[in-house]
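K.L.:
Could you work out the structure for the sequence below:
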Amino acid sequence: MKVLIIEDEHKIANAIKKGLEQESFSVDVAFDGELGFDLASSEDYDAIVLDLMLPKLNGLELCRRLRQEENVHTPILMLTAKGQLEDRVNGLNAGADDYLAKPFAFTELLARIRALSRRPKQLLNDVLVCRNLTCNTRDFEVRRAGKKINLSKKEFALLEYFLRYQGKVLTKNQIINAVWNYDSDILPNTVEVYVGYLRNKIDRPFKNKEPLIQTVRGFGYKMG
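P.N.:
Residues are numbered from 1 along each chain as shown. Purely as a prediction, here's the structure:
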């Protein structure tokens with residue numbers, strides 16, 4: 001999953017980023033509303049964590065513009081130090097999907113992000129399946145033909161992306177945007193390397209099984 005955090009308090013933003021990355025999320029961070037708006041309107045995210053009080057562009061206006069001007073429907077969790085009823089109502093009326101007041105427990109934040117990410121896309125299940133391969137995105141467990149497969153965090157994120165869009169041809173640029181942070185210096189060859197790593201673990205050890213990852217010459221890759 002790919003999440004955008006828009007939070008001007010660096011300590012809080014970095015703590016959330018670190019926690020989500022430990023859960024194998026891909027995370028981008030914006031420390032002001034203008035940058036947050038630019039990222040949210042130009043990149044694809046599974047969820048946005050949005051602070052209410054932001055420099056340059058406040059969270060309420062940012063949320064309204066995403067919904068009304070840019071037609072962005074990414075689930076938004078509004079995060080703020082304010083907990084009054086009026087603030088919650090204003091946030092929800094601006095287009096936010098949920099509201100969490102500071103201070104908060106990271107476990108609750110994580111649970112709310114996962115719940116929000118399931119709302120717009122019914123495909124966002126905890127267990128993803130492609131023929132005899134299963135991927136549990138909550139427990140980070142991958143098995144093929146009953147055999148457990150150990151993946152690195154980036155390999156797992158790549159596999160999850162393939163599984164959520166199985167049957168569709170995915171270009172290298174689409175993969176980079178979905179699996180790596182927007183400011184990562186990633187080249188198309190890096191995608192080839194990680195696809196190779198993944199094949200070495202989920203395809204090549206199962207010589208009697210049909211390969212799951214297919215190369216579509218001149219376009220990209222497809223799973224299933």
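K.L.:
sec struct for residue 99, please.
P.N.:
Following DSSP: H, G, I helix; E, B strand; the rest coil, residue 99 is assigned to strand.
K.L.:
mind checking pLDDT for it?
P.N.:
Reading off the confidence values, residue 99 has pLDDT 86.
K.L.:
Domain-wise, how is this structure divided?
P.N.:
Here the domain parsing of the chain from automatic domain parsing is 2-118, 127-223.
K.L.:
want to throw the ones you listed into TSV with mean neighbour count?
P.N.:
Heads up, the C-betas are built off the backbone N, CA and C, glycines and all. As requested, the domains of the chain are exported to TSV (neighbours: other CB atoms under 10 Å):
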stretch	mean neighbour count
domain 2-118	18
domain 127-223	16
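K.L.:
low-scoring pLDDT stretches of this structure, where are they?
P.N.:
For the chain, applying pLDDT under 70 flags the ranges 82-85, 118-126, 182-183.
K.L.:
quick one: the strands in it?
P.N.:
2-6, 26-30, 47-51, 76-80, 98-101, 127-130, 133-136, 141-144, 147-149, 213-216, 220-223 (DSSP state E).
K.L.:
residues making contact with the first one?
P.N.:
If I follow you right, that is strand 2-6. Applying CB atoms under 8 Å, 6 or more residues apart in numbering, the external contacts of strand 2-6 come out as 13, 16-17, 20, 25-30, 33, 35-36, 39-40, 43-51, 54, 59, 62, 74, 113, 178-179.
K.L.:
What distance do you get for the closest residue to residue 108 other than its chain neighbours to residue 112?
P.N.:
In this structure, residue 108 finds its nearest non-sequential neighbour in residue 100, 7.0 Å apart by CB to CB, 6 or more residues apart in numbering. From residue 100 across to residue 112, the span is 6 Å (CB to CB, to the nearest Å).
K.L.:
what do you get for residue 171?
P.N.:
When residue 171 is compared with residue 112 (using CB to CB), they lie 32 Å apart.
K.L.:
swap in residue 168?
P.N.:
29 Å.
K.L.:
tell me which residues form a beta bridge with residue 29?
P.N.:
Note on residue 29: beta-bridge partners by DSSP bridges are residue 5.
K.L.:
need the contact list for residue 62.
P.N.:
Going by CB under 8 Å, 6+ apart, residue 62 touches 6, 33, 36, 37, 40, 50, 54.
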